[in-house]
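1. build the 3D model from these lines:
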Amino acid sequence: MTDELEGEVSEEILQEGSYYLMDLGLSSKEVAAHFETTKKKVEKLASDYSAKLKSGEVVPSEVDRAFWEDVKKEAEGDEKLTFVSDKGFHHAWKSELRRLDGAALMSIYEASKDFLNSDPNKRFLDVPRPKGYDPLAMDREVSKAIEFLGKLLAEMWAAENHAKESLQT
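-> The predicted model follows:
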C-alpha cells in the first residue's frame, strides 16, 4: 500500500472490493453507491483487479472472498450477533438465526438470558457506555442478541398462531 491520508481507502482495496462485491452479485451501481463513487470507476476498479488475478499479480483467496461477503451482508442490513449457548459464546448473522427452528432459538434465548441474569453488573447495562474501553461490551452484545431473539420468537409464535387460526376456520 502507498502512503495515504487518514480516512482514505487505497486503490488496491477499492479494486478488490469492487471485484468481489460484483462477483457476489451486487451491480456496479450498488457498489458505486456504497463506495461513494461512480459506476464507471467501479467497473474500472473491478476490471483492473480481474487483470491482476489473470496475470498472477494477486492470488484469489477464500479469506478475501469471505471478508467481502461479510461486508455485503452488513451493507444489506444483516448483522452479526453474539449470544450464549450451553457450549459458550457464539457469533451468527441475523439471517442465520432466522433459519433456526423455535426450539433452537428458545435454547439460545434462555442460555443468553441466564448468562446476563447471573452477571452482577447487569444493572449497569442501562448506563451509557464509556468512551474507550467498555468492560460490559460482551454483556451489551448478548443483550442486543436477546432483544433480537425475543422479537424473532414473538414473530414465530404469532405466525404459528395465525396459521392455526386459519386452519380452524
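2. buried set for whichever strand or helix holds A154?
-> A154 is part of helix 137-168, with elements assigned from DSSP states H and E. Across helix 137-168, burial judged by 16 or more other CB atoms under 10 Å covers 139, 141-143, 145-146, 148-149, 152, 156. Yep, even glycine has a C-beta here, placed from its N, CA and C like the rest.
3. how about the closest residue in space to V59 that isn't next to it in sequence, what does it touch?
-> Spatially, and ignoring its direct neighbours in sequence, V59 is nearest to L53 (7.8 Å; CB to CB, 6 or more residues apart in numbering). Neighbour list for L53: 19, 59-60 [criterion: CB atoms under 8 Å, 6 or more residues apart in numbering].
4. looking at those, which are in strands?
-> Among the contacts of L53, no residue falls in strands (DSSP state E).
5. scan those residues and report the most crowded one.
-> Top of those by neighbour number is Y19, holding 25 neighbours under the definition other CB atoms under 10 Å.
6. if I read this right, it contacts A51, doesn't it?
-> No. Using CB atoms under 8 Å as the test, Y19 is too far from A51 to be in contact (10.0 Å).
7. tell me which stretches of the protein form strands.
-> Using DSSP E, strands in the chain cover 80-85, 88-93.
8. tabulate those strands in JSON lines, adding columns for distance to D119.
-> Listed next are these as JSON lines, based on distance: least, CB to CB, whole Å:
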{"stretch": "strand 80-85", "distance to D119": "11"}
{"stretch": "strand 88-93", "distance to D119": "13"}
